[in-house]
Structure formats: C-alpha cells, structure tokens
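Peer 1: Predicted model, plus sequence, below.
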Amino acid sequence: MTPESLFSLASAAVLPGWLALACAPLARAKLVLLARVIAVLLSGLYVTLLATGLAGEGPPPGAGFDTLEGVRLLLSSPQALLAGWVHYLAFDLWVGSWEAEDNGQSGALPHWLLLPCLALTFLAGPTGLLLYHLFKAARKAKGGRGA
C-alpha cells in the first residue's frame, strides 16, 4: 500500500472515533472504548511505519530531535511524514477520549461545551485540551461541578 493510500485510510479510520466521542452521553463507556480501540489500532500502524522506515534506508544524515532542521530531515521522507501524521491522529484521539471520559466522571461541563473542545482537539490537539481545562476551571470558579 502506498503512503498516500495509507494516509487516506488512517485519516478516514479516525473519524468514527471522533463521532463516537461526540455522541458519548448516549453510551459513554462503550463509545470512549471504541475511540480508544481506534487509537490503539492507529498506534499499531505507527509502530509498523516506524519499524519499516528504520529497516529501510533509515533517516537521512543530520536527522534527529536535537534541532529543528534535524526534525525536518527526520520527517523528509513520505513514510516518515506519514508516521508523524498517524502519531498525531492516534494521540489526539486518545486525548479526546480522555476529555470525554473525564467530563463524564466529573460532570464539569454540559456536553454541548465539550463538543468544541473535542473539535479543537481533533483539529489542533493541544488547543482543544487547553480549552477543555479552561472551561472546567471557569465552571469550577463559578461554583459548577468538576475538579
């Protein structure tokens, strides 16, 4: 399978997980579990991409995590870039599942306030996580539920 087709497959595979989280109040435990299973499957794809990439030509000279240029070189092949994308998809979905689970346990936010957090976590990872924590803190400061 080509990196482009794996990109399309991984990008589509994550959508049912996000849809499950958006519908979490209907059956929170099962829907969070579904999202987490998808994140774990994507993690398996990531490990496979990483292993096959390292078994092939390996990273180019100068690639590494110690400089911005090193990271750019590390992600310069289509396979490495795809692995990076799958990494984002898996981790952002896992964080979104945590937000849905945590909100269900704490009751900090009405679900309609969780939805923009999930959307931003899907689109911009840490931005959605930050918004979730800001919403929780604001609700707690106003005397709402939550920790």
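Peer 2: Now that the structure is in, tell me what you want to look at.
Peer 1: Arg36 against Phe91, yeah?
Peer 2: No - with contact defined as C-beta atoms under 8 Å, Arg36 does not reach Phe91; the gap is 11.8 Å. To be clear about C-beta, it is placed using only N, CA and C from the backbone, and glycine gets the same treatment.
Peer 1: how near is the residue nearest the centre of the chain to Ala55?
Peer 2: Note on the chain: the residue nearest the mean C-alpha position is Asp92, at 1.3 Å, using C-alpha atoms, centre = their mean. As judged by C-beta to C-beta, to the nearest Å, Asp92 and Ala55 stand 27 Å apart.
Peer 1: Repeat that for Trp85.
Peer 2: Per C-beta to C-beta, Trp85 is found 20 Å from Ala55.
Peer 1: Equivalent analysis for Leu113, please.
Peer 2: Distance from Leu113 to Ala55, by C-beta to C-beta: 46 Å.
Peer 1: ok, those two, which is more surrounded?
Peer 2: Neighbour tally, Leu113 and Ala55, criterion other C-beta atoms under 10 Å: the higher count belongs to Leu113, 16 against 8.
Peer 1: which residues touch that one?
Peer 2: Phe135 (C-beta atoms under 8 Å, 6 or more residues apart in numbering).
Peer 1: Which element, helix or strand, includes it?
Peer 2: Following DSSP states H and E, one finds Leu113 within helix 111-124.
Peer 1: residues of whatever helix or strand Ala90 lives in that come out buried?
Peer 2: Secondary structure from DSSP H and E places Ala90 in helix 78-106. Residues of helix 78-106 classed as buried: 79-80, 82-87, 89-104 (neighbour count, 16 or more other C-beta atoms under 10 Å).
Peer 1: helices or strands up against that helix?
Peer 2: Secondary-structure packing of helix 78-106 (3 or more C-beta pairs under 8 Å, 6 or more residues apart in numbering; DSSP states H and E): helix 3-13, helix 15-22, helix 28-55, helix 111-124, helix 126-141.
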